[in-house]
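Colleague: quick one: sequence and predicted model below, then my questions.
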Amino acid sequence: MTRSFNSWARQAVVVTALLCVGAAAQAQTQKVKFSTSAGDIVVELDAAKAPKTVENFVAYVKAGQYNGTIFHRVIPTFMIQGGGMTADLKEKPTRAPIPLESRNGLSNVRGTLAMARTSDPNSATAQFFINVKDNDRLDAANARDGNGYAVFGKVVSGMEVVDKIRDVPTGSKGMHDDVPVTPVTINKATLEK
């Protein structure tokens, strides 16, 4: 009787542990929906591999930072970048930069979401980009600067919208190049369940 009870107890512990691991993984999976003037894009964030980046991004979503910003840099053979400028190309204020999490095992492949930054590896704030092709040269292991760009999520719905944005006509506006001639606006960014 003791032996079978112990066996049952061990199985119960294993099942409980597996359920907890599954719940933790699910809790770390968050989605954000960008309602844009070109259609909706839903991204899934990877808090397990890029915790600081996801925390930063979610804080900006909750604060409404992305509402009314545009995709201000569109390069059809590279990526679409947004999240920091209004239609008149004025930068929105941001919080302090975050540390770079580019060595997290995620690669800059088509459909992934990564943080934009300056030449300072630890300068990312609110701006992000979506890779429209495989850009493994942006991964830390392949980057010229040895740092690369931190991937922290991927598009799970609306890649056709990303491709539609990728294909918009662009030009120069002030000191900015690759700006869509007709603004592509992020009307609202929301956390999805």
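Modeller: It's in.

Colleague: C-alpha from now on. contacts and neighbour counts both.
Modeller: Fine.

Colleague: quickly list what Thr112 is bridged to.
Modeller: Note on Thr112: beta-bridge partners by DSSP bridges are Lys154.

Colleague: identify the residues contacting it.
Modeller: Going by CA atoms under 8 Å, 6 or more residues apart in numbering, Thr112 touches Ile130, Asn131, Val151, Phe152, Gly153, Lys154, Val155.

Colleague: same deal with Ala124?
Modeller: Pro97, Ile98, Pro99, Leu100, Met115, Ala116, Arg117, Thr118.

Colleague: what do you get for Lys31?
Modeller: Applying CA under 8 Å, 6+ apart, the residues contacting Lys31 are Val42, Val43, Glu44, Leu45, Leu191, Glu192, Lys193.

Colleague: any chance of those in a markdown table, plus secondary structure?
Modeller: Listed next are the contacts of Lys31 as a markdown table, based on DSSP: H, G, I helix; E, B strand; the rest coil:
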| residue | secondary structure |
| --- | --- |
| Val42 | strand |
| Val43 | strand |
| Glu44 | strand |
| Leu45 | strand |
| Leu191 | strand |
| Glu192 | strand |
| Lys193 | coil |
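
Colleague: could I have the buried ones of those as ChimeraX selection syntax?
Modeller: Applied in ChimeraX, the following selects the buried portion of those according to 16 or more other CA atoms under 10 Å:
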select :42,43,44,45
